[in-house]
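*Asks:* Just a sequence and a predicted model for now, questions to come.
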Amino acid sequence: MYFRDIIGQEAIKRHLIESARSGVVPHAQLFTERGGTGSFALALAYAQYLNCTERSETDACGHCPSCLKYDALAHPDLHFVFPIVAKKERKKEICDDYLPEWRAFLQEHTYFGLDEWLDAMEAGNSQALIYSKESDEIVHKLSLKIYEAEYRVLLVWMPEKLHPTCANKLLKVIEEPPAKTVILMVSETPDMVLGTIQSRAQRLNIPAILPEDMAHALETRFGLVPEDAKYVAHLANGNFLKAVEAISVNEETQFFLEQFKQIMRNSWARNVKAMKEQADLLASIGREKQKNFLAYCQRLVRENFVYRFQAPELNYMNRDEATFAIRFSPFVNERNVFDLMEELDKAEQHITQNVNPKMVFFDLALKITVLIKR
């Protein structure tokens, strides 16, 4: 991975380059983002730059032995830790068991989220975790002598998914790391990372991608005309994944929008039979997608509330969502918007806590029945 592959983030790139060139390299760093801003790519590009033997003032060289191994994601002193779905029958119980899939995935994705990785793993309805067994692997890898690099790098994606046992083992490594070992963690929900890990790592907040950088990338990578690129960059609100989603209007987004419409229509009509049928459907899509759907609903409620103020610069809806908002937005007002958001947030929490999803979605629809008519 190279800094040149990452959209914008020039200030962050300069900071990381200066860190490497000056030799002031914190042994534990926590890269945080809100999604789609390139934090994992920045961490990986930083790791490659640290170990490049012929680096320039702006990027790794791309042709030294270290860079060639990093390009293949097969450097002996680069170790990955990431959420997986354990499958004992297929002998996939630790991260290294998924390395072929992980490397192929990273070769195809500079920007990605958990959903994309779950699809690549064929996780189905399972939730991904970094299991307790991984702690022994981490300790073993870091106890070995560095093979050839200047810095050994442990790159942990989504430390918020660490099993408590694994998190505590990682805490010990952060407190007393082996010489020339750099631990880079990348999180989208840093508040869920163990507090003692947060306190021992230098935090680097990755900001949203600037609209002009996003628009330029959309023009050069997808061939959008400037006007369309500017519109999509606004919708994306600094998140490249949302920009790609807005261009493609993928099947999941369409599905979420249709289900949101259906919930509101069923609740307005007090159609209990349809509510139950929809709860059965939503219960079948898997917990990660259920959580994503409820987060989507919260965003759409917010957007419909703001839509009433006729301030387009404050809205971030695609064209299909905006078309629905013309008729639906009058039903989201000062009397119910906070309660709607609260019920959707509670439902998301219940799904996270493994409450029966049929009960969660049916109960949610009944509560919306009361709120939507305020």
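*Replies:* That came through, no problem. Numbers count the residues shown, from 1 in each chain.
*Asks:* contacts, neighbours, all on C-alpha from now
*Replies:* Fine.
*Asks:* Could I get the contacting residues of Phe112?
*Replies:* Contact analysis of Phe112 by Cα atoms under 8 Å, 6 or more residues apart in numbering lists Gly36, Leu241.
*Asks:* and if you look at Lys261?
*Replies:* Counted by Cα under 8 Å, 6+ apart, Lys261 has zero contacts.
*Asks:* and it, helix, strand or coil?
*Replies:* Three-state assignment for Lys261 (DSSP: H, G, I helix; E, B strand; the rest coil): helix.
*Asks:* Which pLDDT value belongs to it?
*Replies:* Listed pLDDT for Lys261 reads 92.
*Asks:* Please apply the same query to Glu313.
*Replies:* Reported pLDDT for Glu313: 66.
*Asks:* Going forward, the N-terminal residue is numbered 50.
*Replies:* With 50 as the first residue, the last one maps to Glu362.
*Asks:* quick check: longest helix of this protein.
*Replies:* helix 336-356 (DSSP state H).
*Asks:* Check the offset of stretch 76-87 from the chain's centre.
*Replies:* 10 Å (Cα atoms, centre = their mean, to the nearest Å).
*Asks:* show me where the stretch 150-299 of the chain has strands.
*Replies:* For the stretch 150-299 of the chain, the strands defined by DSSP state E, counting those that start in this stretch cover 201-206, 230-236, 251-254.
*Asks:* quick one: low-confidence ranges for the protein?
*Replies:* Counting by pLDDT under 70, the chain shows low-confidence ranges at 138, 173-174, 297-300, 361-365.
*Asks:* which other residues reach stretch 219-238?
*Replies:* Residues contacting stretch 219-238 (Cα under 8 Å, 6+ apart): 74-84, 88-89, 92, 184, 187-188, 191-192, 199-209, 245-246, 249-250.
*Asks:* Quick check: end-to-end length of it?
*Replies:* 18 Å (Cα to Cα, to the nearest Å).
*Asks:* helix or strand for Phe377, which one?
*Replies:* helix 368-377 (DSSP states H and E).
*Asks:* Mind giving me the packing neighbours of that helix?
*Replies:* When contacts are defined as 3 or more Cα pairs under 8 Å, 6 or more residues apart in numbering; DSSP states H and E, helix 368-377 packs onto helix 336-356.
*Asks:* what does the helix it packs on rub up against?
*Replies:* By Cα under 8 Å, 6+ apart, helix 336-356 touches 164, 174-176, 305, 309, 331-332, 363-366, 374, 377-378, 381-382, 386, 389-390, 393-394, 396-397, 400-401.
*Asks:* same question, stretch 68-76
*Replies:* Tyr98, Leu99, Ile223, Pro226, Lys229, Thr230, Val231, Ile232, Ala250, Gln251.
*Asks:* Keeping just the C-alphas, turn it into PDB.
*Replies:* In PDB, the C-alpha atoms belonging to stretch 68-76 read as follows (Å, rounded to 0.1, in the frame of the first residue of the first chain):
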ATOM      1  CA  SER A  68       7.500  10.200  12.100                       C
ATOM      2  CA  ALA A  69       9.300   7.600   9.900                       C
ATOM      3  CA  ARG A  70      12.000   9.900   8.700                       C
ATOM      4  CA  SER A  71      12.700  11.300  12.100                       C
ATOM      5  CA  GLY A  72      12.800   7.900  13.800                       C
ATOM      6  CA  VAL A  73      10.200   9.000  16.300                       C
ATOM      7  CA  VAL A  74       7.900   6.000  15.900                       C
ATOM      8  CA  PRO A  75       5.400   5.400  18.800                       C
ATOM      9  CA  HIS A  76       5.300   1.700  19.600                       C
END
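*Asks:* Okay, buried residues for it please.
*Replies:* Ala69, Val74, His76 (16 or more other Cα atoms under 10 Å).
*Asks:* got TSV for the residues you listed, with distance to Asn341 and secondary structure too?
*Replies:* Listed next are these as TSV, based on distance: Cα to Cα, whole Å; DSSP: H, G, I helix; E, B strand; the rest coil:
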residue	distance to Asn341	secondary structure
Ala69	37	helix
Val74	36	coil
His76	34	coil
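*Asks:* now, which of the contacts of helix 336-356 lie within helices?
*Replies:* Using DSSP H, the contacts of helix 336-356 in helices are 164, 305, 309, 331-332, 374, 377, 386, 389-390, 393-394, 396-397, 400-401.
*Asks:* now for the strands of the stretch 150-299 of the chain, which one comes closest to Phe129?
*Replies:* Smallest distance to Phe129 across the strands of the stretch 150-299 of the chain (Cα to Cα): 5.0 Å, for strand 201-206.
*Asks:* Run me through the strand neighbours of the closest one, direction for each.
*Replies:* Strand 201-206 pairs in its sheet with strand 127-130 (parallel), strand 230-236 (parallel), by DSSP bridges.
*Asks:* ok, the residue nearest to the spatial centre of the chain - contacts?
*Replies:* By Cα atoms, centre = their mean, the chain has its centre lying nearest to Gly162, at 3.7 Å. Contact analysis of Gly162 by Cα under 8 Å, 6+ apart lists Gly84, Gly85.
*Asks:* Distance of it relative to Glu337?
*Replies:* 12 Å.
*Asks:* How is Ala96 assigned, secondary-structure-wise?
*Replies:* helix.
*Asks:* Hmm, it is touching Leu203, no?
*Replies:* No: using Cα atoms under 8 Å, Ala96 makes no contact with Leu203, being 9.2 Å away.
*Asks:* So if I had to pick from the two, which one is more boxed in?
*Replies:* Each of Ala96 and Leu203 has its neighbours counted (other Cα atoms under 10 Å); Ala96 has more, 26 against 21.
*Asks:* which non-adjacent residue is nearest that one?
*Replies:* Distance criterion Cα to Cα, 6 or more residues apart in numbering; nearest residue to Ala96, sequence neighbours excluded, is Val202 at 6.7 Å.
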